[in-house]
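Undergrad: model this:
(one chain, ligands or ions: 1)
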Amino acid sequence: MPGNDYRPLEPGRQRIPELKEDTPMEMEYCGQKVDLDTCPFCGSAPLIHGYRNRMRQWYRIRCSNENEVCRMIPETSASRTLEQAAADWNMRPEVSK
Ligand SMILES: [Zn+2]
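TA: Presented below is the predicted three-dimensional model:
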């Protein structure tokens, strides 16, 4: 890989945010309230992005990248409803090791 300066964090320095699946944060967007989990990669609070396109309202939810630590910055696909975007964002597939 060109410019490969990636090094895994030493175990002692690794900062793994606690899973907060049981304590999602309630966020409000234009009067609509949804419960959102933190970013699964960095633990940042999510951001709700609503916008109009093709005469319709759309919603996306993405990692806010607080403190600029996230190297993934996941974002949902566009949804017609905030509820659907929240469901996509909160999806946490089981990971087998
Ligand atoms: Zn993140």
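
Undergrad: Mind jotting down where the helices sit in this protein?
TA: 82-89 (DSSP state H).

Undergrad: Output the below-cut-off pLDDT ranges for this structure.
TA: Scanning the chain for pLDDT under 70 picks out 1-23, 95-97.

Undergrad: So which bits of it are right by the ion?
TA: Contact residues, the chain versus the ion (C-beta under 5 Å from the ion): Cys39, Phe41, Cys42, Ser44, Cys63, Cys70. For the C-beta atoms, the positions are set from N, CA and C on the backbone; glycine is no exception.

Undergrad: Nearest residue to the last one in space, ignoring adjacent ones along the chain?
TA: Just to be clear, that refers to Cys70. Cys42 (3.8 Å; C-beta to C-beta, 6 or more residues apart in numbering).

Undergrad: for Ser77, what are its contacts?
TA: With contact taken as C-beta atoms under 8 Å, 6 or more residues apart in numbering, Ser77 is in contact with Arg60, Asp88.

Undergrad: Report the contact partners of the residue lying closest to Met27 once chain neighbours are set aside.
TA: In this structure, Met27 finds its nearest non-sequential neighbour in Leu36, 5.3 Å apart by C-beta to C-beta, 6+ apart. With contact set as C-beta under 8 Å, 6+ apart, Leu36 has these partners: Pro24, Met25, Glu26, Met27, Ala45, Pro46, Ile48, Ile61, Ala86, Trp89, Asn90.
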